[in-house]
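J.: this is a predicted model, with the sequence first.
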Amino acid sequence: MKKIDVLLLNFGIENTIQPWVDRDILYAIYTGEKIEEVEQVYKNRKFDLIFLKISEGVTEGFRVLDYFKDISPYSKIIVISEKPNFRDAFQYSKYGADDFRAMFRNSLEFISFIRCSGQQAIIDNIKVKFTNVFRKDALLLLLMAITETALACLVKTKGQYETIDHMEGVSQYVRLICEKLWKKKDYGEIFNQKYIEYMYLGSKLHDIGKINIPERITMKPYSLTKKEFEILKTHTHYGYEMLSAIEQGVEHDLHEFFKITREIALYHHENYDGTGYPYGLKGKDIPLSARICALADAYDALMSYRRYRGAFSHKKIRDIILHKQNHKYDPDILKIFRQYNKEFKEISSIFRKNAETYSHKRIRIQCAWCKSLFIFDKWLPYNEILYGSHVMCPKCHKKLQKKISNVSY
């Protein structure tokens, strides 16, 4: 899976940023001290993001802008100044820099800005990519754009590893269901290879609306309150609106794809018995695309750990879907799951992490910010215990990114 290529020019790598660089799976970080080094080592590599560090009045950055305008015209170039002033900001903006910023106060702030910039750079490039290919290449490019955009956007709403696994897992289950339904006589006229490919790609974006949901809700380590859950449910509308906006900027006629993708984003939480959201649709009133994605999403969600529970086994999930919650799903899709559930298990073994990577012990933590003590649930992954990347204090709502004090197992 392609990473977002980021070049840090004149930065070096601090010890505090190195652990993130080493273990990050979404961003590929490259470094260089001089433009000559970049030309020699990376040759004609095209970077998605370029961060250029300058001192006051230094004009060498203009040469960097000239160089990358020629070999990588769609790169987003951000100038970081140790001594920012209006004159330099004006000159670099006039010369083609996409942004001009003061030097960051610490490494965590810098990492956060890299991630946000990466999200926006990928989204901004979607229209450019579509308008520079022939129609016959649109589907292949669409796959790249969808995958990159979804990864870049959703990385802020969930843990990186869970997000990537979840998107790929759901899309694989969706494709499996579609291929099996295609063989049924009642669905033969609906399905074809193009429809299945659109379903596979579109299902990757079923939760893209969560980019607009506050992190205090998406990253909350406990069950949501009623008010918080109402806010979370709006991600279906946000997803629909975002996909509609993207479609307007695409010159190629991909109306069928975006129709399917919008249906999935808006209706994948509707239940067959009418108890779902956002509209409480029932039965065949729910689009087929969303009915398929609903079961795929449910299976993968149950297969995943949550901060308030562990991951369920395939046997337990099969019992939940076929018996305890069968009223939620289309009977025809349930038949497919009943008949081919072993293939679901095979797919999950590829895209889900081993349960042994999670801690099974309760953890006593003191917040490094407000000093309050709290007990964290027993299903926190070990790497998150170590780095505190997704631990949030229930009192002050700050993520414990700097350190975790008084951790006991």
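T.: Thanks, I have it.
J.: give the other helices and strands that the helix or strand containing Lys345 contacts.
T.: Assigned by DSSP states H and E, Lys345 belongs to helix 331-351. For helix 331-351, the packing partners by 3 or more CB pairs under 8 Å, 6 or more residues apart in numbering; DSSP states H and E come out as helix 160-182, helix 288-303, helix 314-319. (Each C-beta comes from the backbone N, C-alpha and C, glycine too.)
J.: may I see the buried residues of it?
T.: Neighbour counts using 16 or more other CB atoms under 10 Å place Asp332, Ile333, Leu334, Ile336, Phe337, Asn341, Glu343, Phe344, Lys345, Ile347, Ser348, Phe351 of helix 331-351 among the buried residues.
J.: pretty sure the fourth one sits against Ile177.
T.: What that stands for is Ile336. Yes - if you go by CB atoms under 8 Å, Ile336 and Ile177 touch, sitting 5.5 Å apart.
J.: spit out the residues that contact the two alike.
T.: Counting by CB atoms under 8 Å, 6 or more residues apart in numbering, no residue touches both Ile336 and Ile177.
J.: now for this structure, the helix or strand with the poorest mean pLDDT.
T.: When each helix and strand of the chain is scored by mean pLDDT, DSSP states H and E, helix 382-387 comes last, with a mean of 42.
J.: need the contact list for Thr261.
T.: Tyr198, Leu201, Gly202, Leu205, Leu243.
J.: before we move on, what SS does it have?
T.: Three-state call for Thr261 (DSSP: H, G, I helix; E, B strand; the rest coil): helix.
J.: that one - nearest residue in space that isn't next to it in sequence?
T.: Gly202 (3.5 Å; CB to CB, 6 or more residues apart in numbering).
J.: repeat for Ile208
T.: Counting by CB to CB, 6+ apart, the residue nearest Ile208 is Gly239, at 4.9 Å.
J.: can you give me the strands in the chain?
T.: 4-9, 27-32, 49-54, 76-81, 99-102, 363-366, 373-376, 405-408 (DSSP state E).
J.: which one of these lies closest to Trp182?
T.: Closest of those to Trp182 is strand 4-9, at 35.2 Å (criterion: CB to CB).
J.: quick one: list the elements packing against that closest one.
T.: strand 27-32, helix 35-41, strand 49-54, helix 107-131.
J.: pull up the pairing partners for it, direction included.
T.: strand 27-32 (parallel), strand 49-54 (parallel) (DSSP bridges).
J.: least reliable of those by average pLDDT, please.
T.: With a mean of 72, strand 27-32 has the lowest mean pLDDT of the strands paired with strand 4-9.
J.: quick check: angle from it to helix 160-182?
T.: 130 degrees (axes from the mean of the first three to the mean of the last three CA atoms, to 10 degrees).
J.: can I get strand 27-32 as PDB, trimmed to CA atoms?
T.: Extracted C-alpha coordinates of strand 27-32, given in PDB (Å, rounded to 0.1, in the frame of the first residue of the first chain):
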ATOM      1  CA  TYR A  27       4.100   8.300   5.900                       C
ATOM      2  CA  ALA A  28       7.500   7.600   4.400                       C
ATOM      3  CA  ILE A  29       9.900  10.200   5.700                       C
ATOM      4  CA  TYR A  30      13.000  11.300   3.700                       C
ATOM      5  CA  THR A  31      15.600  13.800   4.800                       C
ATOM      6  CA  GLY A  32      18.200  16.000   3.200                       C
END
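J.: from Lys53, how far out is Tyr329?
T.: Distance, Tyr329 to Lys53, using CB to CB, to the nearest Å: 54 Å.
J.: mean confidence for the helix holding Lys345?
T.: 91.
J.: so Pro287 sits against His268, correct?
T.: No - with contact defined as CB under 8 Å, Pro287 does not reach His268; the gap is 9.6 Å.
J.: so which of those two has more stuff around it?
T.: Counted by other CB atoms under 10 Å, Pro287 and His268 do not tie: His268 has more neighbours, with 26 against 19.
J.: next up, phi/psi of the more buried one, please.
T.: Dihedral angles of His268 (phi, psi; degrees, to the nearest 10) stand at phi -70, psi -10.
J.: where's it relative to Met199, distance?
T.: From His268 to Met199 the distance is 12 Å (CB to CB).
J.: swap in Gln325?
T.: 22 Å.
J.: could you do Met167 as well?
T.: Taken as CB to CB, the span from Met167 to Met199 is 14 Å.
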